[in-house]
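> structure for the following, please:
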Amino acid sequence: MKTLRIYVDTSVLGGCFDPEFAAWSNGLIEDFRRGVFRPVLSDATAAEVELAPDFVRALHTELLMIATEVVPVTVEALRLLAAYEDHAVLGPRFRNDMLHIALATVAEVDVLVSWNFRHIVRLDKIRLFNAVNTELGHKSLAIYSPREVTTYERDEGDPGR
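Model prediction:
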């Protein structure tokens with residue numbers, strides 16, 4: 001069975017240090033460390049991480065050592081981003097969110113993970129993104145939170161169980 005390629009957006013890295021999301025973000029990072037999944041990072045994630053606290057940048061650096069793939073911002077991804085904008089999937093202020101979706105779509109990852117429930121991990125938005133993807137000849141993109149993806153076992157006492 002092939003190892004799933006999982007595009008990690010910046011919210012997942014920050015989630016490792018947020019009490020609300022830490023159990024699942026850290027579980028997913030542990031899955032990457034154990035080789036259960038392959039992390040896929042991007043130039044967009046790297047640019048966002050530059051503005052993050054040191055501990056988030058350190059985690060990103062660790063994932064870069066594990067990741068076999070860093071997705072560059074290409075003309076194809078920018079075209080797809082423009083199509084999302086033309087279809088008003090999200091407003092112009094959320095261009096980076098749309099860029100993550102475009103990069104993951106063009107890279108044909110197995111799943112994108114995010115904690116962004118407002119603009120990314122939301123059924124109506126997922127359907128809109130995938131309608132544009134299909135219209136332009138791309139595959140649909142699976143989008144989930146780390147909670148739905150991680151296989152990392154938690155102790156019985158963990159709140160996330």
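
> which other residues reach stretch 112-125?
Stretch 112-125 has contacts (C-beta atoms under 8 Å, 6 or more residues apart in numbering) with 6-9, 11-12, 14-15, 21, 25, 28, 89-90, 94, 97, 100-101, 104, 126, 141-146, 149. (C-beta placed from N, C-alpha, C; glycine too.)

> which of the residues you listed fall in strands?
6-8, 143-144 (DSSP state E).

> find the nearest non-adjacent residue to Val70, please.
Ranked by C-beta to C-beta, 6 or more residues apart in numbering and with sequence neighbours excluded, the top spatial neighbour of Val70 is Leu41, at 5.0 Å.

> likewise for Tyr84?
Using C-beta to C-beta, 6+ apart, the nearest residue to Tyr84 is Met98, at 4.4 Å.

> kindly report the same for Ala52.
Per C-beta to C-beta, 6+ apart, closest to Ala52 is Gly14, 6.8 Å.

> any idea how far Pro146 is from the one you found?
12 Å (C-beta to C-beta, to the nearest Å).

> of these two, who's got more company?
Pro146 (26 against 19; other C-beta atoms under 10 Å).

> so, low pLDDT: which residues of this protein?
153-161 (pLDDT under 70).

> all helices for it, in order.
In the chain, the segments counted as helices under DSSP state H are 10-15, 22-33, 43-49, 54-66, 75-86, 95-106, 123-135, 146-149.

> for Leu64, what are its contacts?
So Leu64 contacts 41, 70 (C-beta under 8 Å, 6+ apart).

> again, only using 10 Å
By C-beta atoms under 10 Å, 6 or more residues apart in numbering, the contact set of Leu64 is 39, 41, 45-46, 49, 70.

> with Val8 instead?
25, 28-29, 32, 37, 39-42, 45, 60, 63, 67, 100, 104, 109, 112-114, 146.

> can you select the buried ones from those in PyMOL?
In PyMOL, selecting the buried portion of the contacts of Val8, with burial taken from 16 or more other C-beta atoms under 10 Å, looks like this:
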select buried, resi 25+28+29+32+37+39+40+41+42+45+60+63+67+100+104+109+112+113+114+146
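
> and the residue nearest to Leu4 when sequence neighbours are not counted, what does it touch?
Closest residue in space to Leu4, ignoring its immediate chain neighbours: Asp110 at 4.3 Å, by C-beta to C-beta, 6+ apart. Contact analysis of Asp110 by C-beta under 10 Å, 6+ apart lists 2-7, 37-38, 40, 104, 141-142, 149.
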